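> I would like the atomic coordinates for the input below:
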Amino acid sequence: MSRSYALGVAAAVFATFSWALNFLSPYMMGAFGPIDFITLRFIVSGCIGLVMLRIYWPGDPALSRRSILNAGLLGVLGYAVYIGCIMGSVLNGGAIIAPAFLSATPVIIAVAGNMIERTTTWSSLAVPIILAVCGLVAANYGTLVGVLDNDLTSYLVAVSYAVGAVLTWLMFSILNQKMLAKIPKVHAGLWTGLMMVGAGLSVVVFVPFGLVLDLYTYPHLDLHLGNTLPVLAAAAALACVASVGGAWAWNFASQRLPMALSGQLISVETIFAVAFGLIAEQRLPTGLEVLGIVGLLAGASIAVRVMAQRDREGGEVLVWLFVLAGGGGGLAIGEQQR
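Numbers count the residues shown, from 1 in each chain. Sure, this is the predicted structure:
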């Protein structure tokens, strides 16, 4: 296992953890609405992105206008739109439904990733995919059945948002992988900065439309320091950790890990997200949820080992790094390591 490969997995661990924090954002916005919170968060993210451009652009190879535009649009798709879908699902169906549906993503990406970028044989991916599917079914069965006994309309709305999040993330991950493959020498900090600026500009451009359509909550609130400062602090914290930090780590990993591997590692975001959801709901996991988590960890760990064997060294070390990091994985959709 090369040092670059290990660093890619470690970065993916952090990216997975940071993105799982998105599932807690509805619990942090106080009296503000989801669009208000997203706007605050990505204005901060965009400002940080501008600082990153100032730091990394002078020393990086010149990018074409098309690459710059693509990075900005990826920021809109993979951050502003994706997180909006996550918040919509959580607000309508609780903190578990969105992770439940997003947990189908690893299987889809594993198959799509190995079709686009053939990095291993299908037989070697069969066991981790089967384990992941069984784990996902076990972890989510009780939750989905329980929700169906309640408000079906809210559940369907939550599911619609969750499906939107899955589709958004699939498009984002595949497009980002293809674009980074064309410019492998671009610095992860520069690419992240462009993404954050794109996401920030999108929410600023949307403000006039949101005001005309009365989509914001803040004009109707009695704003004061007590109800505003905590929300601003939460938005800024998520902007730094979940948006900028997660994107930076993920882009770093994207240049070092194959797409089929990330298709398995992404399942661990579900583990982090479910853990945060259980904390928010103040309950312990059920037996099926525990069994599902074990299956997910086993499938993802085997996938790490399978892909690490391409380097013909250190496969065992990578597996233990993955497990000791809390089963961490990442949304590391990236170019195959050379």
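> for this structure, which spans come out with low pLDDT?
Applying pLDDT under 70 to the chain flags residues 1, 59-62, 103-113, 140, 142-144, 146-151, 259-267, 303-338.
> buried residues, the lengthiest helix in it. List them.
Identified as the longest helix of the chain according to DSSP state H is helix 152-182. Buried residues in helix 152-182, counting neighbours by 16 or more other CB atoms under 10 Å, are found at 155, 157-159, 161-166, 168-169, 172-177, 179-181. Glycine gets a C-beta too; all of them are placed from N, C-alpha and C.
> show me what that helix packs onto, helices and strands only.
helix 65-75, helix 82-93, helix 97-102, helix 105-116, helix 122-148, helix 246-254, helix 259-265 (3 or more CB pairs under 8 Å, 6 or more residues apart in numbering; DSSP states H and E).
> I'd like the next helix or strand past it.
helix 188-212 (DSSP states H and E).
> report the angle between that next one and helix 82-93.
Put simply, helix 188-212 runs at 50 degrees to helix 82-93, going by axes from the mean of the first three to the mean of the last three CA atoms, to 10 degrees.
> count of neighbours near Leu131?
22 (other CB atoms under 10 Å).
> check the gap between it and Ala242 for me.
Distance, Leu131 to Ala242, by CB to CB, to the nearest Å: 28 Å.
> can you check Asn114 too?
Counting by CB to CB, the gap from Asn114 to Ala242 is 29 Å.
> okay, the two: which has more neighbours?
Legend: neighbour count by other CB under 10 Å for Asn114 and Ala242, higher for Ala242 (24 against 21).
> shouldn't that one be in contact with Ser18?
Yes - Ala242 lies in contact with Ser18 (CB atoms under 8 Å); the separation is 4.8 Å.
> residue contacts, the nearest residue to Ile48 once chain neighbours are set aside?
Nearest residue to Ile48, sequence neighbours excluded (CB to CB, 6 or more residues apart in numbering): Val244, at 5.0 Å. The contact partners of Val244, taken as CB atoms under 8 Å, 6 or more residues apart in numbering, are Ser45, Ile48, Gly49, Met52, Thr192, Met196.
> just curious, which of those is nearest to Phe276?
Proximity of the contacts of Val244 to Phe276 was ranked by CB to CB; the top entry is Ser45 with 20.2 Å.
> name the helix or strand for the closest one, please.
Taking DSSP H and E as the definition, one finds Ser45 inside helix 34-56.
> same for that helix, what does it pack against?
Contact analysis of helix 34-56 by 3+ CB pairs under 8 Å, 6+ apart lists helix 82-93, helix 188-212, helix 225-238 as its packing neighbours.
> now the angle from it to helix 65-75?
If you take the same axes, to 10 degrees, helix 34-56 sits at 140 degrees to helix 65-75.
> how about helix 34-56: buried residues?
For helix 34-56, a neighbour-count test (16+ other CB under 10 Å) marks 34-46, 48-49, 52-53, 56 as buried.
> which SSE is immediately downstream of the host helix or strand of Ile279?
Using DSSP H and E, Ile279 maps to helix 267-281. Sequence order places helix 287-308 as the next helix or strand after helix 267-281, per DSSP H and E.
> quick one: that following helix to chain centroid distance?
Centre-to-centre, helix 287-308 and its host chain are 18 Å apart (CA atoms, centre = their mean, to the nearest Å).
> any idea of the angle it forms with helix 267-281?
Interaxial angle of helix 287-308 relative to helix 267-281 (the same axes, to 10 degrees): 150 degrees.
> output the contacting helices and strands for helix 287-308.
On a contact count with 3+ CB pairs under 8 Å, 6+ apart, helix 287-308 meets helix 122-148, helix 259-265, helix 267-281, helix 315-324.
> from the contacts of Val244, pick the one nearest Val90.
Proximity of the contacts of Val244 to Val90 (CB to CB) peaks at Ser45, which lies at 19.5 Å.
> any buried residues in stretch 114-122, and which?
Within stretch 114-122, the residues scored as buried using 16+ other CB under 10 Å are Asn114, Glu117, Thr119, Thr120.
> quick check, nearest of those to Ala12?
Nearest to Ala12 out of the buried residues of stretch 114-122 is Thr119 (CB to CB; 15.5 Å).
> that closest one contacts Leu257, correct?
No - look at Thr119 against Leu257 with CB under 8 Å: they stay out of range, at 9.6 Å.
> give me the secondary structure label for the most far-flung residue of the chain relative to its centre.
Centroid-distance maximum for the chain: Asp222 at 33.7 Å, with CA atoms, centre = their mean. Recorded secondary structure, Asp222: coil (DSSP: H, G, I helix; E, B strand; the rest coil).
> quick one, what contacts Gly164?
Gly164 makes contact with Cys85, Gly88, according to CB under 8 Å, 6+ apart.
> that one and Ile43: what is the separation?
Separation of Gly164 from Ile43 (CB to CB): 23 Å.
> can you report phi and psi for the residue farthest from the centre of the chain?
Dihedral pair for Asp222: phi -90, psi 90, per degrees, to the nearest 10.
> Ala95 versus that one, what's the distance?
Asp222 is 28 Å from Ala95, by CB to CB.
> same question for Gly245.
Gly245 is 21 Å from Ala95, where distance means CB to CB.
> using PDB, write down the CA coordinates of stretch 32-43.
Taking Å, rounded to 0.1, in the frame of the first residue of the first chain, the C-alpha atoms of stretch 32-43 are listed here in PDB:
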ATOM      1  CA  PHE A  32     -35.200  30.000  10.900                       C
ATOM      2  CA  GLY A  33     -36.400  28.000   7.900                       C
ATOM      3  CA  PRO A  34     -34.200  25.500   5.800                       C
ATOM      4  CA  ILE A  35     -33.700  28.000   3.000                       C
ATOM      5  CA  ASP A  36     -32.600  30.700   5.400                       C
ATOM      6  CA  PHE A  37     -30.100  28.300   7.000                       C
ATOM      7  CA  ILE A  38     -28.700  27.000   3.600                       C
ATOM      8  CA  THR A  39     -28.300  30.600   2.500                       C
ATOM      9  CA  LEU A  40     -26.300  31.600   5.600                       C
ATOM     10  CA  ARG A  41     -24.200  28.400   5.400                       C
ATOM     11  CA  PHE A  42     -23.200  28.800   1.800                       C
ATOM     12  CA  ILE A  43     -22.500  32.500   2.000                       C
END
